[in-house]
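*Asks:* I'll drop the sequence and a predicted model, then ask my questions.
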Protein chains: 4
Amino acid sequence: MSEQRRGAPRSEAARQAILAATAQLFAERGYEQLTIEGIAAEAGVGKQTIYRWWPTKSALVAECLLEGRLLPGQLTLPDTGDLRGDLVGWVEQIFALMDEPTGRGLVTSLVAAATANVEIGARLRDSLGGAESVTTRLTAGVAAGQLPADAPVVELSEALVGAVLLKALSGRAGQPGDAARLVDALVRA
Amino acid sequence: MSEQRRGAPRSEAARQAILAATAQLFAERGYEQLTIEGIAAEAGVGKQTIYRWWPTKSALVAECLLEGRLLPGQLTLPDTGDLRGDLVGWVEQIFALMDEPTGRGLVTSLVAAATANVEIGARLRDSLGGAESVTTRLTAGVAAGQLPADAPVVELSEALVGAVLLKALSGRAGQPGDAARLVDALVRA
Amino acid sequence: MSEQRRGAPRSEAARQAILAATAQLFAERGYEQLTIEGIAAEAGVGKQTIYRWWPTKSALVAECLLEGRLLPGQLTLPDTGDLRGDLVGWVEQIFALMDEPTGRGLVTSLVAAATANVEIGARLRDSLGGAESVTTRLTAGVAAGQLPADAPVVELSEALVGAVLLKALSGRAGQPGDAARLVDALVRA
Amino acid sequence: MSEQRRGAPRSEAARQAILAATAQLFAERGYEQLTIEGIAAEAGVGKQTIYRWWPTKSALVAECLLEGRLLPGQLTLPDTGDLRGDLVGWVEQIFALMDEPTGRGLVTSLVAAATANVEIGARLRDSLGGAESVTTRLTAGVAAGQLPADAPVVELSEALVGAVLLKALSGRAGQPGDAARLVDALVRA
DNA sequence: ATATAAGCGAGACGGTACGTCTTGTCTTGTC
DNA sequence: GACAAGACAAGACGTACCGTCTCGCTTATAT
C-alpha cells in the first residue's frame, strides 16, 4: 500500500546547521544583510540544500522564529496578580531591549522579515504578544476582576503590541514613564 | 561675507525626475524591488546624480514620503463632530486599502522602508496618524467633551495606528466589524 | 590519491564564446575600447564567468593571441631559398598590412596590450617574429651559406622585428623601398 | 587689420601646472592609470581648462614628452670617439633603467602612449634614438671612418632602437652581454 | 546483489544590482 | 573670455548574490 520513497532521507544535521546559521547571522547582521550564500557557507552546506527545502529567505526566517531561535526567551509576560504592574514591566523590558542597538536591530529586522512574509507577521504578532501572552494575561485579568467582563482583550492586546512596534520603528523607545502611560491609556480602571 | 558656492547649482529638474521615478516604481514594485539603477533609468538620470544627494535608497524613499508622493491623499481623517464615526470610517478606509494587493504592498513596503531608516519610521507614524491627524482629531474630541479632559491622546493615537500596522503586517485586515471593535476598545465612553 | 575536484567543471562552451567575442571585439574596436562588459554581452555570458578565469583584460587578450585568434594567418615567413627576397617580402607584407587603418589598429592594439602585460609582449615577439619565424629563417640562411656561420641570428631577428614595430608605432610604414633597405641594412654581404 | 581677441589670455600658470601634474602622475602611475580628473585635481585646475587646450590625454602626454618632462635627461648618447663603446654604454644604460620596475613602467607607458597617438610614436622614436641621438652618432662614426661611407645609418638606428623597445615590451632586458651582442650584430666592423 | 533514486557538498553558470570612478559637456560666479 | 568649481548623463569597473544547473559522492529502498 505505502508507496515508499526511495533515496536518502532528508538530513537532520543539515537542517539544524542551516537553522542555526540563519539564527546566528540574523542576530549578527539583521534580515536585510542575511544572504542564502552566507547561510550556506556558515552552515557548511550546499546552496541547493537550502533551496530544496525553503522557497525563500523569509520562509527560512519564519521557521527559525517558530522554533524560538530568534527571540530572547526572557520576554515572557508574568502573572503576579498585579495586572498593571505585569504589563508595565513587560513593556519596559521591551523598551529597554530596543534601547541597545542590538535590540532595535532585532526588532526592526523581525518587522522587515514580516513585511516580506505574512506568515512571519502572524507569527511575530503571536509570539510577541497577540494570542499567546498578552491576550492570556488580559483574560486572566478579566477573571480576576481587574478588567470588566466585557473587556475587548484581543483588541487591547493588539493595540498594546502595535503601539510597541510603532515605537520601535520610529525609534521612540526609552522615555521613562512611557511604558506606564501606554499601559494606563489602554487598561485604565 | 557671503560664503559663496561655485560650480553649477543642483538641478531641480533632476531632483524632481528622481523623486517622481522613485514614487512611481515604489508604487509599482514595492520597496524591496526598488533599485537605484531602475530609478536612474526611469528618471533619465545618471546614477551618480542620485548618490550625490541621497546616501541610501531609504533616504530617497523618506524624502518621497515627506513630500507626500507615496500615500494616497484621501486617507485624511475628517472631523464631522462624530468622533467614533470618524475614527471607524478612517480605520475602515485603511483596512479596505489593505484588502487590495496594491494596498497591502504599499503599507508593508512603507513599513519595510521604516525598518531600514528610523526617519522613515517617524515620518510614517506622523503621516499615517501620530501627531498629525489622529492626535488632532482626538484632541478635538476632548474639546468637544466626547473624551475626558485627561484622555491620553498621544498614547491612544499611537495604539490605534500601531494596531492598524500590526494587522497590516499579519495580513489580518478586513473582517467587518474589526474597525469598530478596535476603535471602541480604545475610545470607549 | 587523486585530488578530486567537486562541483560542475568549467564550461568549454563559455570559454570558447568568450575568446571568440574577445577576438571579434578586439578586431572591431582595438584594445583600448575593449571592455569586459562588452565581451560578456557579446559572448552571452555573465561577467563573473570571465573574472573567474582571467584576472585582467590583458590576460584574456594574451590567451587569444596564444591561440592565434588575433593575427591573420598569412603572415608566415616562407623559405624559397632566397633569404633576402623572403625577408623583404615578409616585411613588405607587414608594411602593407599597416597601411590599411585596420592593420595599423591591429598592430598598435597588440602593442598596447603588450604594454599592459609582459606575457603578451613575449608572445607577440615570438609570434610576430622572434624565435619562431625570423630566427628559423635566418638559421636556415646560415645553413645555406647565405649568412656567415657566426651570424647573430637572435639579435638580428629582434632588430628586424623591433624596427618593424617602431615603424608601426611612428606611423612610418609604406615608403616603397623601405623594406628592402631595412633588410639590407641588417643582412648585408 | 588685426582681429583682436577679447577676454583673458591663456593662463601660462595653468598650462605649467597641468604639464607638471601630468608628468608627475605619469611617472607615478603610468599612462593607463593617468586620468584627466586626476591631473586637474593635482594641478588645481578645472577640467575644462584641460579640455579647452588639449583634445585628448595622449596629446597632453605628447606635449610633455616634447618638452622633455617625461624622460630622464641622462640618457644622452655621448661621443667619446669610441663608437662601439658609446653605443654599448647607451644600450646598457637603457637596459639598466628597465630593470627597475619604475623604468620598465616608464618605457611601457611611453609605448602605450605611442599606441594611442602617432605623434607620440614619432616623438618617441626621435627622442629615444631615431634622428636625434643615434643617427647623429652613427653619422659621426661614418665621418670618423669607423663605419663604411654607405652605411645605412637611418635603418641601423631604427633597428637598434626597435630592438631595445622590443626587449622592453617582452621583459627581456638585463642579461649581461646583451647590449654588446646587439650592438655588434648591427654595427660590426 | 544490484539497480534506481534522492540527498548532499561543491561550485560553475547567466544574470542583476551594487556603489565607485571617469569621461566629456554644461553651467555657475569670479577675475 | 579664461578660469576653478562642480553638477550632469553616460557607462565601465570589479564585487556580491540570486536562483539554476551540473558534478561525483553517499545513503537508502525496491527489485
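*Replies:* Perfect, thanks for sending it.

*Asks:* what are the phi and psi angles of the residue nearest the centre of chain A?
*Replies:* Compute the mean C-alpha point of chain A, and by C-alpha atoms, centre = their mean the closest residue is A:L124, 4.1 Å away. As for A:L124, its main-chain torsions (degrees, to the nearest 10) stand at phi -70, psi -40.

*Asks:* which residues in chain A form helices?
*Replies:* In chain order, chain A shows helices spanning A:12-29, A:36-43, A:47-53, A:57-66, A:83-99, A:101-116, A:118-128, A:136-143, A:153-169, A:178-186, with DSSP state H as the criterion.

*Asks:* Show residues contacting the longest one.
*Replies:* In this case it means helix A:12-29. Judged by C-beta atoms under 8 Å, 6 or more residues apart in numbering or on different chains, the contacts made with helix A:12-29 from elsewhere in the structure are A:33-34, A:38-40, A:42-45, A:49-50, A:53, A:60-61, A:63-64, A:67, A:69-70, A:102, A:106, A:109. For the C-beta atoms, the positions are set from N, CA and C on the backbone; glycine is no exception.

*Asks:* can I see the domain layout of chain A?
*Replies:* Following automatic domain parsing, one finds the domains of chain A at A:12-53, A:83-186.

*Asks:* now do the same end-to-end measure for the shortest one.
*Replies:* Domain A:12-53 has an end-to-end distance of 12 Å (C-alpha to C-alpha, to the nearest Å).

*Asks:* cool, the longest one as well?
*Replies:* Distance between the two ends of domain A:83-186: 12 Å, counting by C-alpha to C-alpha.

*Asks:* if we can go back for a sec, comparing the helices of chain A by mean pLDDT, which bottoms out?
*Replies:* Summarising mean pLDDT across the helices of chain A, the least confident stretch is helix A:118-128, with a mean of 81.

*Asks:* what's the angle between it and helix B:101-116?
*Replies:* Using axes from the mean of the first three to the mean of the last three C-alpha atoms, to 10 degrees, the interaxial angle of helix A:118-128 with respect to helix B:101-116 works out to 60 degrees.

*Asks:* for helix A:118-128, packing partners?
*Replies:* Packing partners of helix A:118-128 (3 or more C-beta pairs under 8 Å, 6 or more residues apart in numbering or on different chains; DSSP states H and E): helix A:57-66, helix A:101-116, helix A:153-169, helix B:153-170.

*Asks:* what about A:Q175, neighbour count?
*Replies:* Look at A:Q175: counted by other C-beta atoms under 10 Å in any protein chain shown, it has 10 neighbours.

*Asks:* Next: the one 3 residues further on.
*Replies:* Other residues lying near A:D178 total 20 when counted by other C-beta under 10 Å.

*Asks:* Excluding chain neighbours, give the residue nearest to it in space.
*Replies:* Distance criterion C-beta to C-beta, 6 or more residues apart in numbering or on different chains; nearest residue to A:D178, sequence neighbours excluded, is A:F95 at 6.7 Å.

*Asks:* Now do the same contact list for the one you found.
*Replies:* The contact partners of A:F95, by C-beta under 8 Å, 6+ apart, come to A:164, A:167, A:173-174, A:178-179.

*Asks:* quick one: A:V154 and A:E119, what's the gap?
*Replies:* To A:E119, A:V154 is 20 Å away according to C-beta to C-beta, to the nearest Å.

*Asks:* residues in chain A within reach of chain B, list them.
*Replies:* With the criterion set to C-beta under 8 Å from any C-beta of the partner chain, chain A comes near chain B through A:31-32, A:108-109, A:111-112, A:114-116, A:118, A:121-122, A:124-125, A:130, A:152, A:155-156, A:158-167, A:169-172, A:181-182, A:184-186.

*Asks:* any idea how far whatever residue of chain A ends up closest to DNA strand F is from DNA strand E?
*Replies:* Evaluated by C-beta to the nearest atom of the strand, chain A has A:Q4 as its residue closest to DNA strand F, separated by 2.5 Å. In this structure, A:Q4 and DNA strand E are separated by 11 Å, where distance is defined by C-beta to the nearest atom of the strand, to the nearest Å.

*Asks:* Check A:A43 too.
*Replies:* Summarising the geometry, the distance separating A:A43 from DNA strand E, computed by C-beta to the nearest atom of the strand, is 7 Å.

*Asks:* Kindly report the same for A:R181.
*Replies:* A:R181 sits at a distance of 39 Å from DNA strand E (criterion: C-beta to the nearest atom of the strand).

*Asks:* Tell me how many other residues surround that residue.
*Replies:* Counted by other C-beta under 10 Å, the residues lying close to A:R181 total 14.

*Asks:* which residue packs closest to it, ignoring adjacent ones?
*Replies:* The spatial neighbour of A:R181 that comes closest, neighbours along the chain excluded (C-beta to C-beta, 6+ apart), is B:E155 at 5.5 Å.

*Asks:* so who does that neighbour touch?
*Replies:* Applying C-beta under 8 Å, 6+ apart, one finds that B:E155 lies in contact with A:163, A:181-182, A:184-186.

*Asks:* Nearest to B:L77, out of those residues: which one, please.
*Replies:* Here the nearest of the contacts of B:E155 to B:L77, counting by C-beta to C-beta, is A:A163; it sits at 17.9 Å.

*Asks:* Isn't that closest one up against B:V164?
*Replies:* No - the pair A:A163 and B:V164 fails to qualify as a contact (C-beta atoms under 8 Å) at a distance of 10.8 Å.

*Asks:* Can you pull the phi/psi pair for the nearest residue to A:D184 once chain neighbours are set aside?
*Replies:* Of all residues not flanking A:D184 in the chain, B:P152 sits nearest, at 7.0 Å (C-beta to C-beta, 6+ apart). Recorded main-chain torsions at B:P152 are phi -80, psi 80, according to degrees, to the nearest 10.

*Asks:* B:P152 - how many residues pack around it?
*Replies:* Other residues near B:P152 number 18, with proximity taken as other C-beta under 10 Å.
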